[in-house]
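Participant: task: produce atomic coordinates for the following.
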Amino acid sequence: MSPTDALTRPATSSDVAALAGVSRSTVSRILNGDDAPFPDVTKQRVRDAAAKLRYRPSAAARSLVTGHNDTIVIVAPNSRFSGHVQDALDEVAGQTRPYSANVVLRFVTSASKDTVDSLQQLRPLAVLNLGVLSRNEIVELENRGVMVVPEVVGSEEATGDPGFARLQAEQLRTHGDRPLWYAEAEGDKPEPYSDDRFAALHSYCTAEGLAPPGLVQVSLDIEGGKLALSRVLSSDSSAAIACYNDEVALTLLAAAREMDVEVPGRVAIIGMDDIIAGQLWSPRLTSIRINMQPLIATLAAELRDRLAGRTHRAEELPEDFFSVVPGETA
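Facilitator: Next up, the predicted model:
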């Protein structure tokens, strides 16, 4: 490719192959992430040549050949989310850079045939499922040629609670055994993980020989918080409350301040998500932090293996996926 050519046409894989001294198939495999068989020096030579020629693989051509484009779709519930979704987007973008992939976030109120159909029509490189798609919907998409990560393992539905409720309960019980409650947000925006979280807390209480947890809905305003806290304390003189997220927890803390209820002396409260506001509150909110980096790294490893045609061995969630953020409320 001459300098004159560079001004009149974009570089091709043949140009990169000629400059790097390798075959076109080698260029294609390395630049599309299937680079494990090649020595580091070859991979670097190809990438340097592509950078020098400002080469970008043709997404349209690759889509015609492979039957999909370079888009990775993150499917997330249309719910109250913290900054962890942005963390997930950033991690996916970074982890999938070798595939020249665009990352698109799709919020779904509830999965349906329309959702499955629209995902197929997008012809994505892969779909990353953050708990929206059921096992049957994942299988249907896979049967239609759409890769879904993580893949279905076994015959049981995945749970929306990988251990959050247990960790919340154990932290609350450090203040002594008192009636456990689960608090979720009240409103018309669905909380898709909430039912699973409450069910997990119920299962924990059963396994520990504790009374079943109470359930209270909280409107996210001061009056709603006072109403919810009054309901809890009308049943018990003291309580320990596991909250769906930090917004619910902060609403109850504001209500406790207004009602002169001692925290954690009379009511212990733990949140979920570790938002900044919780750490600025007094007393400082005890919460659960979700670390998206190891989770997305695990999903990206599965994606790499499956795109390269390698058998992927399902892994347990990383131990540091979530942890207690010490505070003063539980």
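
Participant: ok, now how distant is Ala199 from Val16?
Facilitator: Look at Ala199 and Val16: by Cβ to Cβ, to the nearest Å, they are 54 Å apart. C-betas here are computed from N, CA, C, even on glycine.

Participant: same deal with Val46?
Facilitator: Counting by Cβ to Cβ - Val46 and Val16 are separated by 7 Å.

Participant: got any residues that touch both of these two?
Facilitator: Val27, Leu31 (Cβ atoms under 8 Å, 6 or more residues apart in numbering).

Participant: who's more crowded, Ala199 and Val16?
Facilitator: A direct count of neighbours by other Cβ atoms under 10 Å for Ala199 and Val16 places Val16 higher, at 28 against 15.

Participant: pull out the buried residues from the helix or strand encompassing that one.
Facilitator: Val16 is part of helix 13-20, with elements assigned from DSSP states H and E. Buried residues in helix 13-20, counted by 16 or more other Cβ atoms under 10 Å: Ser13, Asp15, Val16, Ala17, Leu19, Ala20.

Participant: what does stretch 139-146 give?
Facilitator: Those would be Glu140, Leu141, Val146, for stretch 139-146 by 16+ other Cβ under 10 Å.

Participant: and it, how far out from the chain's middle?
Facilitator: Centroid separation between stretch 139-146 and its chain, computed with Cα atoms, centre = their mean, to the nearest Å, is 21 Å.

Participant: before we move on, the earlier item: what residues does the helix holding Val16 touch?
Facilitator: 1, 23-24, 26-28, 31, 42, 45-46, 48-50, 52-53, 55, 57.

Participant: okay, and which of the residues you listed map to helices?
Facilitator: Arg24, Thr26, Val27, Ser28, Leu31, Thr42, Arg45, Val46, Asp48, Ala49, Ala50, Lys52 (DSSP state H).

Participant: sort out which one of the residues you listed lies nearest Gln217 for me.
Facilitator: Distance to Gln217 across the ones in helices among the contacts of helix 13-20 (Cβ to Cβ) is lowest for Leu31, with 51.6 Å.

Participant: that closest one: neighbour count?
Facilitator: The burial count for Leu31: 21, using other Cβ under 10 Å.

Participant: just the pLDDT at it, thanks.
Facilitator: pLDDT for Leu31: 80.

Participant: and if you look at Asp87?
Facilitator: For Asp87, the predicted pLDDT is 70.

Participant: and it, what does it touch?
Facilitator: Met292, Gln293.

Participant: assumed it was part of a helix.
Facilitator: Yes: assessed by DSSP: H, G, I helix; E, B strand; the rest coil, Asp87 belongs to a helix.

Participant: show me where this structure has helices.
Facilitator: Under DSSP H, the chain gives helices at 3-8, 13-20, 24-31, 40-52, 59-66, 84-95, 113-122, 135-143, 164-172, 194-207, 222-235, 246-259, 276-280, 292-307.

Participant: let me have these in TSV, extended by distance to Ile72.
Facilitator: Listed next are those as TSV, based on distance: least, Cβ to Cβ, whole Å:
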stretch	distance to Ile72
helix 3-8	31
helix 13-20	22
helix 24-31	17
helix 40-52	21
helix 59-66	13
helix 84-95	6
helix 113-122	10
helix 135-143	14
helix 164-172	26
helix 194-207	25
helix 222-235	38
helix 246-259	29
helix 276-280	28
helix 292-307	8
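
Participant: re the thing from before, quick check, nearest of the buried residues of helix 13-20 to Thr71?
Facilitator: Ser13 (20.9 Å).

Participant: any idea of the pLDDT on that closest one?
Facilitator: The predicted local confidence for Ser13 is 84.

Participant: what does Leu64 give?
Facilitator: Taking Leu64 on its own, its pLDDT is 45.

Participant: do the one 4 residues further on as well
Facilitator: Among the per-residue scores, His68 shows a pLDDT of 58.

Participant: now swap in Asp246 and tell me
Facilitator: What the model reports as pLDDT for Asp246 is 94.

Participant: so Phe164 sits against Gly271, correct?
Facilitator: No: using Cβ atoms under 8 Å, Phe164 is not in contact with Gly271; the gap is 10.8 Å.

Participant: what's the overlap in contacts for the two?
Facilitator: Joint contacts of Phe164 and Gly271 (Cβ under 8 Å, 6+ apart) are Ile288.

Participant: tell me the pLDDT at Asp195?
Facilitator: Looking at Asp195, the pLDDT reads 85.

Participant: could you do Met272 as well?
Facilitator: 91.

Participant: what's the neighbour count on it?
Facilitator: 27.

Participant: and if you look at Arg166?
Facilitator: 17.

Participant: correct me, but it touches His202?
Facilitator: No: assessed by Cβ under 8 Å, Arg166 is found out of contact with His202, at 11.4 Å.

Participant: by mean pLDDT, which helix or strand of the protein comes out lowest?
Facilitator: Least confident helix or strand, the chain: helix 3-8 with a mean of 49, by mean pLDDT, DSSP states H and E.

Participant: spatially nearest residue to the spatially most central residue of the chain, not counting backbone neighbours?
Facilitator: With distances taken as Cα atoms, centre = their mean, Leu130 lies nearest the centre of the chain, 5.1 Å away. Using Cβ to Cβ, 6 or more residues apart in numbering and skipping residues adjacent in sequence, the residue nearest Leu130 is Ala76, 4.6 Å away.
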